[in-house]
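[1] With the sequence up front, the predicted model follows.
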Amino acid sequence: MMDQIMLYIRENTMVTAMTAGVVALFLLFLVFVQVTRTRREVHKICKKIRKYFDVVFAGEEEEKEPVKEAPQETQIPVYKTQDELQREQEEQKKAEDAKLLMDVISEVF
């Protein structure tokens, strides 16, 4: 049986070459599909990372602006000073940034 198969392959090189070509094209198609899918996933991840950095850098720009004093109409509780309120806001912002970063990292990995 094996001798007949080997004899058939030797006598019909055109069929063997066409079979090898079809197999090669199929493998190239699989590689193309996988590369396309990976590229789309990477593009989505990059979008999320850009969004995160936009949020982080936008926050830094706001912090660079001089801090305006609270208007007289706004009453700050006696037990909290302006610095404490600012620190709380910064901590909240850092917590939001960390949460956004963790969301991005969890989706990446």
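    Perfect, I can see it now.
[2] make it CA atoms for all contacts and neighbour counts henceforth
    Will do.
[3] what's the helix or strand for the residue most central in space within the chain?
    Nearest to the mean C-alpha position of the chain, counting by C-alpha atoms, centre = their mean, stands Ile45 at 1.5 Å. Of the helices and strands defined by DSSP states H and E, Ile45 is found in helix 13-64.
[4] what mean pLDDT would you report for that helix?
    The average pLDDT within helix 13-64 is 86.
[5] After it, heading C-terminal, what element do we hit next?
    Heading C-terminal from helix 13-64 (DSSP H and E), you reach helix 82-108.
[6] buried ones in that next one?
    Neighbour counts over helix 82-108 (16 or more other C-alpha atoms under 10 Å) mark Asp97, Leu100, Leu101, Val104 as buried.
[7] Quick check, pLDDT for the first one.
    The score at Asp97 is 83. That number is its pLDDT.
[8] how many neighbours does the closest residue to it other than its chain neighbours have?
    Nearest non-adjacent residue to Asp97, counting by C-alpha to C-alpha, 6 or more residues apart in numbering: Val56, 6.7 Å away. Residues lying near Val56 (other C-alpha atoms under 10 Å) number 18.
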